[in-house]
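**Student:** For reference, the sequence and a predicted model appear below.
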Amino acid sequence: MITMTEWGSLLVLALSIGGIVQVDACTTMVVGRAASAEGAPMSTSTGDDRDADHRLARVPARRWPKGALRPVFAYNDVYPHVVQNGRSTVWESSNLDGNERQLANWSVPTKPIGYIPQVENTFALYETGESYGLINEFQVGMGESTCPARFVSQPVHAGGRALLDVSELSKIALERSRTARQAIEVMGQLAEKYGYYGACWTGQWAQSEAGEALMVSDPKEAWVFHICPDDTGASAVWAAQRIPDDHIAVVANSFVLKEIDPSSDDFMYSSNMYTVAKRNKLWSPTHGKLHFAHVFGMPQGKPAYATRRVWRVFQLAAPSKELPSHTNDWGDDYPLSIQVDRPLSIRDMFRIQRDHYEGTAFDLTQGRAAGPFGDPDRFDPAPVPGVTEKEVLDGFYERSIIL
């Protein structure tokens, strides 16, 4: 059994780089309990951001009075992502670090954008300053990756009808859930009722940031959860699939859930999933089973940005399985999950998460861009004098798992 400390070490595997073109770009993995040398599922996640709040907080369990309300805050991952007294000492105004002017600006507690009814008891959890919940006292853990989605919604604080984003959903779920399955139910039901919005809701990147994927696991089960706005902007569409115990799954900024099987207990989905798909002429029963990624997702502008990472994780975890390194925009050549060749340890997961395609045709330690010392890091390009944004976007660096 993985201890809470070990879970925290694994789940907090996160890096931050200066992103100019895209602000959220994460790789998250989950392995089933039989695929884990630790005897229980494991999740990992990297998180890219600018000026991020890198703090880690423990939120204690609490008992709440009847009629209490739980505040909901707007998505923000820039330091300090929230100033909130009474949740964790880490987020309190007395724990801020900055110059005199910054501290003066940050000293006022963050104002909630809304409230939902509080439950009688909430569980202890760890959460990050990048706004996401990590793991709770029952070892329900999560890893996150932002994905393009077909529909975009506006949050209530920007004049829209959606109250919740995935960061608040993840924390609320960990506050209220003893199992992965229950966490998915909590997030799904709340998002349908109060509305869901993505990490970006205006401008050219809104659609690319509209969806989210979470790897949700507990000591027995591992799930892949997808969520996106519905077509009204006031609800959400979501689905989840449990992976086999001896498998690994990965999300790299693109939806990976395929055909939803309503007859299987290994699937969960929103009450409106089929209705929204039919209403927008994206699916009909004559098409067969609904393919979630095809219907509600959108491919990345440079599909290999996402699909190559999926290929590499599968190659490292199951080298005996021969999968093509090139695929279509949706990654249809890859399954949702794959059986591992041998159980993976925590160290194996770190090794995979740190990969730069070493030893492959995409090795980032090789070539001119790596320089004389084999530097695998690549910058996010941006328009500069003499280079237009179109020219920037026409180019492409391989995206490694670690970044």
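**Tutor:** Sure thing, it's come through. Numbering: from 1, shown residues only.

**Student:** Please give me every residue in contact with the residue positioned nearest the centre of the chain.
**Tutor:** The residue lying closest to the centre of the chain (CA atoms, centre = their mean) is residue 144, at 1.9 Å. By CB atoms under 8 Å, 6 or more residues apart in numbering, the contact set of residue 144 is 26, 28, 45, 47, 132, 166, 170, 212-215. In this view, the C-beta of every residue, glycine as well, is placed from N, C-alpha and C.

**Student:** Check which helix or strand it maps to.
**Tutor:** strand 141-147 (DSSP states H and E).

**Student:** after that strand, next one along is what?
**Tutor:** helix 166-176.

**Student:** Outside of that following helix itself, which residues are in contact with it?
**Tutor:** Residues from elsewhere that reach helix 166-176 (CB under 8 Å, 6+ apart): 59, 70, 72-73, 75, 77, 116, 119, 122-123, 125, 127, 130-136, 140, 142, 144, 164, 182-184, 186-187, 190-191, 196, 198-199, 212, 214, 216, 227.

**Student:** what are the ranges of the helices in the stretch 301-403 of the chain?
**Tutor:** Taking DSSP state H, counting those that start in this stretch as the criterion, the stretch 301-403 of the chain carries its helices at 304-317, 346-353, 389-394.

**Student:** most packed of those?
**Tutor:** When you average the neighbours per residue for each of the helices of the stretch 301-403 of the chain (mean count of other CB atoms under 10 Å), helix 304-317 leads with a mean of 23.

**Student:** now the angle between helix 346-353 and that helix, please.
**Tutor:** Helix 304-317 runs at 150 degrees relative to helix 346-353, counting by axes from the mean of the first three to the mean of the last three CA atoms, to 10 degrees.

**Student:** ok so, going back, the helices of the stretch 301-403 of the chain: lowest mean pLDDT?
**Tutor:** In terms of average pLDDT, helix 389-394 trails the rest of those, at a mean of 74.

**Student:** Could you give the separation of that one from the chain centroid?
**Tutor:** In terms of CA atoms, centre = their mean, to the nearest Å, the gap separating the centre of helix 389-394 from the centre of its chain is 27 Å.

**Student:** re the thing from before, inside helices: which ones of the contacts of helix 166-176?
**Tutor:** 182-184, 186-187, 190-191 (DSSP state H).

**Student:** what would those look like in a markdown table with pLDDT and distance to residue 346?
**Tutor:** Formatted as a markdown table, the ones in helices among the contacts of helix 166-176 follow (pLDDT from 0 to 100; distance: CB to CB, whole Å):
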| residue | pLDDT | distance to residue 346 |
| --- | --- | --- |
| 182 | 98 | 25 |
| 183 | 98 | 22 |
| 184 | 98 | 24 |
| 186 | 98 | 27 |
| 187 | 98 | 26 |
| 190 | 98 | 32 |
| 191 | 98 | 31 |
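
**Student:** Of those residues, which is the nearest to residue 310?
**Tutor:** Set against residue 310, the nearest of the ones in helices among the contacts of helix 166-176 by CB to CB is residue 184 (21.7 Å).

**Student:** In this structure that closest one contacts residue 268, no?
**Tutor:** Yes: shown here, residue 184 and residue 268 form a contact pair, counting by CB atoms under 8 Å, at 5.6 Å.

**Student:** out of those two, which sits in the busier spot?
**Tutor:** More crowded of residue 184 and residue 268, by other CB atoms under 10 Å: residue 184, with 25 against 18.

**Student:** what's the distance between that one and residue 26?
**Tutor:** In this view, residue 184 and residue 26 are 19 Å apart by CB to CB, to the nearest Å.

**Student:** of the contacts of helix 166-176, buried ones?
**Tutor:** Among the contacts of helix 166-176, those buried by neighbour count (16 or more other CB atoms under 10 Å) are 59, 70, 72-73, 75, 77, 116, 122-123, 125, 127, 130-136, 140, 142, 144, 164, 182-184, 186-187, 190-191, 196, 198-199, 212, 214, 216, 227.

**Student:** OK, contacts around residue 315?
**Tutor:** Taking CB under 8 Å, 6+ apart as the test, what residue 315 contacts is 321, 323, 360.

**Student:** before we move on, back to that, so of the contacts of helix 166-176, which ones are in strands?
**Tutor:** Among the contacts of helix 166-176, DSSP state E puts 59, 70, 72, 116, 122, 125, 127, 133-136, 142, 144, 212, 214, 216, 227 in strands.

**Student:** Pick the one among the contacts of residue 144 closest to residue 64.
**Tutor:** Of the contacts of residue 144, the one sitting nearest to residue 64 (CB to CB) turns out to be residue 170, at 19.5 Å.

**Student:** so where's the chain uncertain?
**Tutor:** The chain contains residues with pLDDT under 70 at 1-25, 380-383.

**Student:** Report the outermost residue of the chain with respect to its centre.
**Tutor:** Here the chain reaches farthest from its C-alpha mean at residue 386, the gap being 35.5 Å by CA atoms, centre = their mean.
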